[in-house]
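In: have a look at this fold, sequence not included:
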């Protein structure tokens, strides 16, 4: 009788056991060039909510002057 492996067992079989880091060490979040460019791009948007509660982004230059 053949024994079937669980998908996570297949992953461990193919890639080996997961490496464990130091759980007590703080997580380091570094800002790379792509992330900084994304933040600059997103700064040009304003989040609007319509009467139905739907949220969407509008470019600041497309808003009327009194809303900016």
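Out: Nice, I can see it. Given the structure is predicted, the values throughout are model-derived calculations rather than measurements.

In: so where do the helices sit in this protein?
Out: All helices of the chain, identified by DSSP state H, fall at 7-15, 33-42.

In: would you turn the ones you listed into CSV with mean pLDDT, mean neighbour count and distance to residue 27?
Out: To be clear about C-beta, it is placed using only N, CA and C from the backbone, and glycine gets the same treatment. What follows is the helices of the chain, written out as CSV (pLDDT from 0 to 100; neighbours: other CB atoms under 10 Å; distance: least, CB to CB, whole Å):
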stretch, mean pLDDT, mean neighbour count, distance to residue 27
helix 7-15, 81, 9, 23
helix 33-42, 91, 10, 15
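
In: make CSV out of these and add distance to residue 65.
Out: Output for those, formatted as CSV (distance: least, CB to CB, whole Å):
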stretch, distance to residue 65
helix 7-15, 55
helix 33-42, 21
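
In: out of those, the one nearest residue 53 is which?
Out: helix 33-42 (21.7 Å; CB to CB).

In: let me see the mean pLDDT of stretch 53-61.
Out: Mean pLDDT, stretch 53-61: 91.

In: out of the helices of the chain, which is closest to residue 54?
Out: Shortest distance between residue 54 and the helices of the chain, using CB to CB, is found for helix 33-42: 19.0 Å.

In: and the closest one, what does it pack against?
Out: Helix 33-42 sits against no helix or strand, with contacts defined as 3 or more CB pairs under 8 Å, 6 or more residues apart in numbering; DSSP states H and E.

In: which residues are contacting that helix?
Out: Residues outside helix 33-42 that contact it (CB atoms under 8 Å, 6 or more residues apart in numbering): none are found.

In: which residue is nearest the middle of the chain?
Out: The chain has residue 35 as the residue nearest its centroid, 10.9 Å off, counting by CA atoms, centre = their mean.

In: thank you, goodbye.
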